[in-house]
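[1] Below are the sequence and a predicted model for it; my questions follow.
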Amino acid sequence: MASQGVTPRAEDYSRWYTDVVQKADLADYAPVRGCMIIKPYGYELWEAVKNGLDKRFKATGHKNAYFPLLIPMSFMKKEAEHVEGFAPELAVVTHGGGEELDEPLVVRPTSETVIGYAFSQWIQSYRDLPLLINQWANVVRWELRTRLFLRTLEFLWQEGHTAHATREEAQEETLRMLDIYADFATNDAAIPVIKGRKSNQEKFAGAEVTYAIEAMMGNKWALQSGTSHNLGQGFAKAFDIKYLDKNNEQQYCWTTSWGMSTRMVGAIIMAHGDDKGLRLPPRLAPIQVAVVPIYKNDEEKSKVMDVVLRVSETLLTLGLRVHIDDREDVTPGFKFNDWELRGVPVRLEVGPKDVEKNSVMLVRRDIAGKAGKESAPQDDVVRSVTSLLNKVQTNMLKQATEFRDANLHEVANLKELKKVIDEGGWGLMPYDGSAEAEEKIREETKATPRCFPLDQEPLPDGTKCPITGRDAVGKAYFARAY
RNA sequence: CGGGGCGUGGCGCAGUUUGGCUAGCGCGCUACAAUGGGGUUGUAGAGGUCGACGGUUCAAGUCCGUCCGCCCCGACCA
């Protein structure tokens, strides 16, 4: 429960991030390098993310299922690009029960292969399609450099896997799930995102096309926060996922996969956090209202606590997540800072003055200082608290959107791009999608192509990529990225 | 794997250059008391194989050698 100030955000962003994660009691490193221990408060935040997504998946007809952690090495090898892409980051089990195994098993880095196997068993006819499955699981990727939540050896995620009768349906599903991610990020996490298509170099190993949502962090770096892949028929052919169509002919399925991970928690921290610590959007905050009683002696305490309990009770019956901070051993000032560090969106203070005036003091986390404080009558507390939570949610999205938009710039060439990147923004520039252009840009600016945003107008005929001089396929965002 | 940095109570560090007495400091922790509308204060306490191994020396946290681990910057990535 240690609670110290955090490193100012502007001073050393990476230090600030680690500070916030650890001091707000979200997570810690584990004994194994790069692995993470998620503490209860961090896990509650992840559960809020899970619930927000799961609700949406259920609404679109997806069913949850569970597939094994261990995958035969031979499965990985069935799809050539897939194994090539993942081979360097596989954890491999070679021994079991004290014996060397005939065939090594890999700890899943993702489950296209086993699920492909399962789908091949489940699907016989066009009547079995579409098959819409989601799995909540942990996966392991042997990353070289790790950071809490953003990149860990083992991480928690959901991976959706679907099979369809036609290419069009698969494509529709791919984009539908991208929309769901964007909707979740925007409306629940209060993070505005850019939906876009990844370049060939950055697409998922084995996918035909990969889409992603990209979010801007507090240091203006980009974070890929969710991906949706149209897998074409690659996995269907590798795993023999076939159905009999209406004409009694065997057809290969068209499959998709999509995922969002505990990285989203990192996104929330970095998109919203400030010098005082975490700022959590009310929809996802494990604690929405922290109630802090203030008193000097037993007499005041009993009066104050009467109000605290009565007010909290009404809020709780409404389904709000309320926490009464009745710690005796720390001062109110300490508690204020503590709840700010933990990102609680609304703090409700009750002291002797409030008891006297039949009021409570409401303090919002999204606006610093006096402007974020207001007194509210006790008998109207339900309305003022719910309305304040809504305001905070809306305002956090507004703040994040304004911040992002102020840092997006259209650029025409490498020189302009370099200037924008050096100043910490994102540059939108015509791009041919090639690896050479990407390499050149990375060398000059350290930025990488994030995505071709989906909402763009087609380029005028003859628009060239300023790096290679070849025809551009569209405008892409370039940014420094995690 | 390349470049840089660091290993000293739970955490953050000082001490190492120039070897020397009982290894210090801050935070946290324990106990008691006062305090309490923005990170309280006092008193008393607990807690250490100085990363590991070997060497030099009357004497090593400090010098030498080997090894191990961690962090940051790159390449790779949700």
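    On my side now, so go ahead.
[2] all contacts plus neighbour counts: C-alpha atoms, from now on.
    Will do.
[3] so what's the nearest residue to A:T166 once chain neighbours are set aside up against?
    Using CA to CA, 6 or more residues apart in numbering and skipping residues adjacent in sequence, the residue nearest A:T166 is A:W254, 6.1 Å away. Contact criterion CA atoms under 8 Å, 6 or more residues apart in numbering gives A:163-167, A:170, A:231-233, A:236 as the residues in contact with A:W254.
[4] With distance to A:T152 and neighbour count as added columns, please give these in TSV.
    Output for the contacts of A:W254, formatted as TSV (distance: CA to CA, whole Å; neighbours: other CA atoms under 10 Å):
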residue	distance to A:T152	neighbour count
A:A163	30	30
A:H164	33	23
A:A165	36	23
A:T166	36	18
A:R167	34	16
A:A170	30	25
A:L231	25	27
A:G232	29	23
A:Q233	31	23
A:A236	30	24
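[5] I'd like to know how far the closest residue to A:R197 other than its chain neighbours sits from RNA strand B.
    Once its chain neighbours are removed from consideration, A:R197 has its nearest residue in A:Y211; the separation is 4.3 Å (CA to CA, 6+ apart). In this view, A:Y211 and RNA strand B are 10 Å apart by CA to the nearest atom of the strand, to the nearest Å.
[6] Same check on A:K418?
    When distance is defined by CA to the nearest atom of the strand, A:K418 is 15 Å away from RNA strand B.
[7] now do A:A238
    In terms of CA to the nearest atom of the strand, A:A238 sits 20 Å off from RNA strand B.
[8] so that residue is in which element?
    Remark: A:A238 resides in helix A:234-239, with elements defined by DSSP states H and E.
[9] which other helices and strands contact that helix?
    Judged by 3 or more CA pairs under 8 Å, 6 or more residues apart in numbering; DSSP states H and E, the packing partners of helix A:234-239 are helix A:112-122, strand A:254-261.
[10] Any chance you could give me the helix or strand just after the shortest one in CSV, C-alpha atoms only?
    Using DSSP H and E, the next helix or strand after strand A:254-261 towards the C-terminus is helix A:263-272. What follows is helix A:263-272, C-alpha atoms only, in CSV (Å, rounded to 0.1, in the frame of the first residue of the first chain):
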residue,chain,number,x,y,z
ARG,A,263,-1.8,-4.5,-23.2
MET,A,264,-5.1,-2.6,-23.2
VAL,A,265,-4.5,-2.0,-19.5
GLY,A,266,-1.2,-0.4,-20.5
ALA,A,267,-2.9,1.7,-23.0
ILE,A,268,-5.4,3.0,-20.5
ILE,A,269,-2.5,3.9,-18.1
MET,A,270,-0.5,5.7,-20.8
ALA,A,271,-3.3,7.4,-22.6
HIS,A,272,-4.8,9.0,-19.5
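[11] among the helices and strands packed on helix A:234-239, which is nearest RNA strand B?
    Distance to RNA strand B, taken as CA to the nearest atom of the strand, is lowest for strand A:254-261 among the helices and strands packed on helix A:234-239, at 5.3 Å.
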